[in-house]
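S.K.: Next come a sequence and a model predicted from it.
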Amino acid sequence: MGPVPAAAEPGRATFLELFFDLAYVFALTRISARALEDLSSGPARESIWAAVTGGGKTLLLLLALWSVWQGTTWTTSRYDPYRIPLQSVVLTALVSGMVMGVAIPRAFGQTGLMFAVAYVVTQVSRPVVLSMAFGARPYRWLKVRMALVSAVTGVLWIGGALLATNAQVLFWTAALVIEYALARFGWPVPGLGRSTVSKWEVAGEHLAERYQQFFLVALGETLLVAGLTYSKGPYESGHAWAFALALATSIMLWRIYVQRAGQLLGEAVMKARHPATTGRSAADTHLVMVVGLAATAIGYELIIEHPLDRIPGTWLAMVLGGPALFLAGRARFEYEVFGRVSPSRWIAILVLAAAAVPLLHLPGLAATAVAAL
C-alpha cells in the first residue's frame, strides 16, 4: 500500500468516502440541536457568560468531529483508498462518527464516556493500522508518532469523561490543544523526531474535492435545520418569511463559496510547490467556514421558531456572527487560491459587525433580513 501520487493519479472520492460523510450529516444536526438547547435556556438568554460557556463546549465537540473527519480524509488522499486497510480505517471512522453524534447532546454528562471512547478508538486505530500495513515504508514512523500522541491524549479524553463537567472540559480542551498543536509541528516525539508537512505526498485534487464535499455537507445541514424547524409549524407569515430568508441566505453562501475560488481549489493545490502545505491551509479555512455555517444553522432555528420576538445578544451573535465568520474563512480561502482578497468580503464583515448594535433586541426577522442583504 504505497502513497498515492499527488499529481499523476489524483483519483475521485470513492463511494465509501461519500458514505462516510453521511455520518457527519447526522453529527452536525446533533451539534445544532445541542447549541440550540444551550441558547434557548433561561440562563443563556439572560447571561452572556452562560451562552459563551455553552457555545464553547459545543465548539469543543465540533473540533473533535472535525479532527476525525480531517484525519480520515488526509489518509484517503495520501494512500490507495481501495486497499482493505484503508477501507477499515474509513469504516471505523464512520461508526465512531455516528456514535459521537449520538453522544453529542449529553456529551458533558451521561454520554461523555461514549463520546470519548469513540473518538480515541478512531484516532489511535488509524495510525496503528497504517503503521502495520506500511511495513518498513518511509511514512511508518510518522504513524507511530501519531499513535503515541493519540494514546497519551486518549488518557485525557477518557479520564476527563469520568470527572465532573468543569474538569471534563479542561481535560478535553487540553487534549485537543495538544493534538492540534503537535499536528501543526509534524507530530514531534522525543527520540523519534518529527516530520515536515511540505514533504508529504498527497493527491491534491482528491483532497480539494473532499473539502468541497464537507462544505456541502455543512451547507446542506443549514437547509436541513431550516426545513425541519419550519415543518414543526405554525405556518404564519412571520415564520414563512423567516424560512424564506434562511433558504435565500444558504443559496447566497453557496454562491459566494463557489464563485470562483471554490471551483479552482483543486487546481490551486495541484499547482502548489508543496501541495500538502496548501492543503493544510485549506483545512484551516474550511474549518472556519464550517463553524460559521453551524452558527448560521443555529440562527435559522432560533429565528424561524421566534420570528417576531425580540432577540437577545446571544441569538444575534448566531444570526450575524455565523455569516461573518463564514466570510472571514472565505476571504482567507480566496487568498489561498488567488493571492488576493476581494474588498467586498471585508466590507460585508464590517457591515454585519456594525449592524449588531442597532439590531439588538429588535425582532429576529429584522436581523435575518439584514444578514441576507
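M.R.: Looks like it came in fine.
S.K.: Now residue 243: closest residue in space that isn't a chain neighbour?
M.R.: In this structure, residue 243 finds its nearest non-sequential neighbour in residue 230, 4.2 Å apart by C-beta to C-beta, 6 or more residues apart in numbering. In short, each C-beta sits where N, CA and C put it, glycine included.
S.K.: what helix or strand is the one you found on?
M.R.: helix 204-231 (DSSP states H and E).
S.K.: Next: residue 63.
M.R.: Using DSSP H and E, residue 63 falls in helix 48-78.
S.K.: relative to helix 204-231, how tilted is that helix?
M.R.: 140 degrees (axes from the mean of the first three to the mean of the last three C-alpha atoms, to 10 degrees).
S.K.: List the buried residues for helix 48-78?
M.R.: 50-51, 53-55, 57-58, 60-78 (16 or more other C-beta atoms under 10 Å).
S.K.: mean confidence for it?
M.R.: What helix 48-78 shows for mean pLDDT is 88.
S.K.: The residue nearest to residue 243 and residue 31: what is the separation?
M.R.: 20 Å (C-beta to C-beta, to the nearest Å).
S.K.: between those two, who's got more neighbours?
M.R.: residue 31 (24 against 21; other C-beta atoms under 10 Å).
S.K.: my guess is the more buried one meets residue 107, correct?
M.R.: No: the criterion here is C-beta atoms under 8 Å, and residue 31 misses it with residue 107 at 10.2 Å.
S.K.: list the residues that contact both of those two?
M.R.: residue 61 (C-beta atoms under 8 Å, 6 or more residues apart in numbering).
S.K.: what's the average pLDDT for stretch 89-98?
M.R.: Here the average pLDDT along stretch 89-98 is 96.
S.K.: what about it, distance to the chain center?
M.R.: 16 Å (C-alpha atoms, centre = their mean, to the nearest Å).
S.K.: Distance from the chain centre to stretch 321-332, please.
M.R.: Per C-alpha atoms, centre = their mean, the centroid offset for stretch 321-332 relative to its chain is 14 Å.
S.K.: nope, stretch 343-350 is what I meant
M.R.: So, by C-alpha atoms, centre = their mean, the centroid of stretch 343-350 is 23 Å from its chain's centroid.
S.K.: before we move on, what about stretch 221-230?
M.R.: 18 Å.
S.K.: One more: stretch 175-186?
M.R.: 16 Å.
S.K.: Stretch 99-109 too?
M.R.: 16 Å.
S.K.: Give me the packing partners of the helix or strand harbouring residue 278, helices and strands only.
M.R.: Here residue 278, judged by DSSP H and E, is contained in helix 275-305. The contact analysis (3 or more C-beta pairs under 8 Å, 6 or more residues apart in numbering; DSSP states H and E) places helix 275-305 against helix 15-40, helix 48-78, helix 204-231, helix 237-257, helix 263-271, helix 313-338, helix 364-372.
S.K.: Just the buried residues of that helix, please?
M.R.: 275-283, 285-305.
S.K.: element containing the nearest residue to residue 152 once chain neighbours are set aside?
M.R.: Spatial nearest neighbour of residue 152, chain neighbours left out: residue 178 (7.8 Å); criterion: C-beta to C-beta, 6+ apart. When elements are assigned from DSSP H and E, residue 178 belongs to helix 165-184.
S.K.: burial count for the residue nearest to residue 68 when sequence neighbours are not counted?
M.R.: Excluding the flanking residues, the one nearest residue 68 by C-beta to C-beta, 6+ apart is residue 122, at 5.2 Å. Neighbour count for residue 122, taken as other C-beta under 10 Å: 25.
S.K.: Now do residue 122, the pLDDT please.
M.R.: Predicted confidence (pLDDT) for residue 122: 97.
S.K.: List the contacts of it.
M.R.: Residue 122 sits in contact with 68, 71, 72, 92, 93, 96, 97, where contact means C-beta under 8 Å, 6+ apart.
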